[in-house]
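J.: Build the 3D model from these lines:
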Amino acid sequence: MKDPRIEKLAKNLINYSVKLQKGEKVLIENFGLQRELVNALVKEAYAAGGYPFVLLKDHKVDRSLLMGAKEEQFNLMAQFEADVMSKMDAYIGLRAGDNISEHADVPAEKMAIHGNTIGKKVHREIRVPKTKWVVLRYPTNSMAQLAKMSTDAFEDFYFEVCNLDYGKMSEAMDALAGLMDKTDKVRIVGPGTDLSFSIKDIKAIKCAGELNIPDGEVYTAPVKDSVNGVITYNTPSPYQGFTFENVKLTFKDGKIVDAKANDTQRINEIFNTDEGARYVGEFAIGVNPFIQTPMQDILFDEKIDGSFHFTPGQCYDDAYNGNHSNIHWDLVNIQRPEYGGGEIYFDDVLIRKDGRFVIPELEKLNPENLK
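T.: Sure, this is the predicted structure:
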């Protein structure tokens, strides 16, 4: 029996997220073999007059390839995938899997080979700047476990989050994006956090269902050398197969000069990937009213109501601060009272306290106004 929620999601992805037009080509890349949604996407792509292409991948097979990876081999793989991607007008990346730690034992140098080849030449150089793209997760038993929910309850939550009215959210974001565009100095304070930086003349970008599903953030980037102070993240963050907790970063003139976590050696190996890994490429404010708690999946956690993320690594071209890296790690801090609270100031004016916007022009982004 077909689930009408899947059909609605596919329709939104094709017609709202990537806005597929007649004659356009869309690549549907699926990690995890979620046939119901892939089939629905193919159907909707045809209905829009487009041409769907499907690439199926598997996390376990991907791990086997990575364990023995050679740079020459992955350069050839990148050439193959780049040739396909360069012919696409749109891209839908569907991710699902039974084990978020499938890559936990892949050596860092092997992950770096992937980042320097497929990650760079296919996604950062072609997919992100040259296609209409959206990336999403699909509900699985493991995701329900991470969210501490039953499978049925998590599926209900997932479709509620993913099928909300993103057009309404987009309109509500206009005031925040406009304010960020006019702001110079940002200060963030909270438990273990006192951080200052500038976002002067760096564009603010709304994310309301066109790049990620679920969505709900407005992002920009700090001026590269302007970050000073300390930040303590209060949300667990899986990265390269390992879940980091109690991450504390100290910045001086933009650079991470000290990094601590539940595995301090491992986190410093990540930040030693390249020079840009110790600088920040993104600052974003999360506003999705249905996402209240972390579930160790960044596509959800970075949108948490009352959160922000401060991201070491590669910046985006549309919010460009000059930082380049093979990593882009969205580390999240939640500022609602049950997580310790906190404040965000723009040019010395308090704009959000304990996760709620406190100036009139931004109150539309508080959760009760977005549901």
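
J.: and residue 148, what pLDDT?
T.: According to the prediction, residue 148 has pLDDT 85.

J.: Residue 353 too?
T.: pLDDT, residue 353: 98.

J.: what do you get for residue 1?
T.: Here the pLDDT value assigned to residue 1 is 50.

J.: Against which helices or strands is the helix or strand encompassing residue 111 packed?
T.: Assessed by DSSP states H and E, residue 111 sits inside helix 108-114. The helices and strands touching helix 108-114, judged by 3 or more Cβ pairs under 8 Å, 6 or more residues apart in numbering; DSSP states H and E, are helix 59-67, helix 71-85. Every residue, glycine included, has its C-beta placed from N, CA and C.

J.: going on from that helix, what's the next piece of helix or strand?
T.: Downstream of helix 108-114, the next assigned helix or strand under DSSP H and E is helix 128-130.

J.: contacts for that next one?
T.: If you take Cβ atoms under 8 Å, 6 or more residues apart in numbering as the criterion, helix 128-130 is touched by 86, 316-317.

J.: Let's see if you can find the most crowded of those residues.
T.: residue 316 (20 neighbours; other Cβ atoms under 10 Å).

J.: Show me what it bridges to in the sheet.
T.: Counting by DSSP bridges, residue 316 forms beta bridges with residue 319.

J.: Surely it is in contact with residue 217?
T.: No. In this structure, residue 316 is not within contact of residue 217 by Cβ atoms under 8 Å, at 12.0 Å.

J.: Ok, which of the helices and strands packed on helix 108-114 comes nearest residue 244?
T.: Nearest of the helices and strands packed on helix 108-114 to residue 244, taken as Cβ to Cβ: helix 59-67 at 19.7 Å.

J.: Kindly calculate the angle that the closest one makes with helix 71-85.
T.: 130 degrees (axes from the mean of the first three to the mean of the last three Cα atoms, to 10 degrees).

J.: what's next to helix 59-67, contact-wise?
T.: Outside helix 59-67, the residues that reach it (Cβ under 8 Å, 6+ apart) are 31-32, 97, 99, 102-103, 106, 110-111, 113-114.

J.: weakest of the helices and strands packed on helix 108-114 in terms of mean pLDDT?
T.: Of all the helices and strands packed on helix 108-114, helix 59-67 carries the lowest average pLDDT, namely a mean of 92.

J.: List the buried residues in it.
T.: The neighbour-count check on helix 59-67 (16 or more other Cβ atoms under 10 Å) flags 59, 62-63, 66 as buried.

J.: Do a quick rundown of the helices in the stretch 101-250 of the chain.
T.: 108-114, 128-130, 141-146, 151-162, 166-182 (DSSP state H, counting those that start in this stretch).

J.: CA atoms only for stretch 199-209 - export them in PDB, please.
T.: Taking C-alpha atoms only, stretch 199-209 is exported to PDB below (Å, rounded to 0.1, in the frame of the first residue of the first chain):
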ATOM      1  CA  ILE A 199      29.900  38.900   9.600                       C
ATOM      2  CA  LYS A 200      30.200  42.300   7.800                       C
ATOM      3  CA  ASP A 201      29.600  42.200   4.100                       C
ATOM      4  CA  ILE A 202      29.100  38.400   3.900                       C
ATOM      5  CA  LYS A 203      25.700  37.500   2.500                       C
ATOM      6  CA  ALA A 204      23.000  35.800   4.600                       C
ATOM      7  CA  ILE A 205      21.300  32.900   2.900                       C
ATOM      8  CA  LYS A 206      17.800  31.500   3.700                       C
ATOM      9  CA  CYS A 207      17.400  27.700   3.800                       C
ATOM     10  CA  ALA A 208      13.700  26.800   3.600                       C
ATOM     11  CA  GLY A 209      13.400  23.500   1.900                       C
END
